[in-house]
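# The following comprises the amino acid sequence and a computationally predicted model.
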Amino acid sequence: MSVISHAGLCLALLATLAAPATAQVGPKTPVPVPPPPSPSDPPIAALRIAARPLPVPAFDRAEVEAGVRAVLDAQVEAWNAGSIRGYMEGYAEADSLVFLSGTAVRRGWEEALYAYLRSYPDTGAMGILSFDEVSVEPLSGVHALVWGRWHLLVDGPADAAQPGGLFTLLFVRTDQGWRIVHDHTS
């Protein structure tokens, strides 16, 4: 089996997109463009193979969903008890954690923790958290994609808007159980 370079594959893809038979390089210098490769050419065949999804080993979808939902329930419970550190137990305690919110990109568990502590200095600011419309999509026995809506009920004027938005989470099963490794909250 031959090895196809990344550059060769890119050139083959670009050649398939070339519509004209010639390209104008200078004011009067047409340059012939090679014909697009056929589907049996090695770079194109490799691309067709690479585009196929890999088989995923069998796993129990219900078990994955139950594990992920248990983490979300524990987060709500910890938040509503006033424990940001307890809430953060749902996240992978790793430098590779990515948290996107508004215009901020936070990397690492500690940075996410400190951002929460700055934004919610006391239980009054934290309010009461709830999640709804939560969708858990098991991707494998060790990965799950989750999205839903979050709401905070905070003290204030009755006509004041309550904070809330959407979230998308990537969960990974670790030695410590299911943990969030990527969070995009808006």
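Great, that's in hand. The structure displayed is predicted, hence computed values, not measured ones.
# okay, CA-based contacts and neighbour counts for the rest of this
OK.
# what about the helix or strand harbouring Glu110, average pLDDT?
According to DSSP states H and E, Glu110 maps onto helix 109-119. Across helix 109-119, pLDDT averages out at 96.
# Next, report how far that helix is displaced from the centre of its chain.
20 Å (Cα atoms, centre = their mean, to the nearest Å).
# Follow the chain on from that helix and name the next helix or strand.
In N-to-C order, the element after helix 109-119 by DSSP H and E is helix 123-126.
# counting contacts, what elements does the longest helix seen in the chain pack onto?
What stands out as the longest helix in the chain, according to DSSP state H, is helix 61-80. Here helix 61-80 touches helix 84-88, strand 128-138, strand 143-153, strand 177-185, going by 3 or more Cα pairs under 8 Å, 6 or more residues apart in numbering; DSSP states H and E.
# mind redoing it with 10 Å?
Contact here means 3 or more Cα pairs under 10 Å, 6 or more residues apart in numbering; DSSP states H and E; on that basis helix 61-80 packs against helix 84-88, helix 123-126, strand 128-138, strand 143-153, strand 164-174, strand 177-185.
# among the ones you listed, which is nearest Gly108?
Among the helices and strands packed on helix 61-80, strand 177-185 comes nearest to Gly108, with 9.3 Å by Cα to Cα.
# Packing partners of the closest one?
Counting by 3+ Cα pairs under 10 Å, 6+ apart, strand 177-185 packs on helix 61-80, strand 98-101, strand 104-107, strand 143-153, strand 164-174.
# Pipe these into TSV and attach mean neighbour count and distance to Leu113 per row.
As requested, the helices and strands packed on strand 177-185 are arranged in TSV below (neighbours: other Cα atoms under 10 Å; distance: least, Cα to Cα, whole Å):
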stretch	mean neighbour count	distance to Leu113
helix 61-80	18	13
strand 98-101	18	10
strand 104-107	14	10
strand 143-153	18	18
strand 164-174	18	16
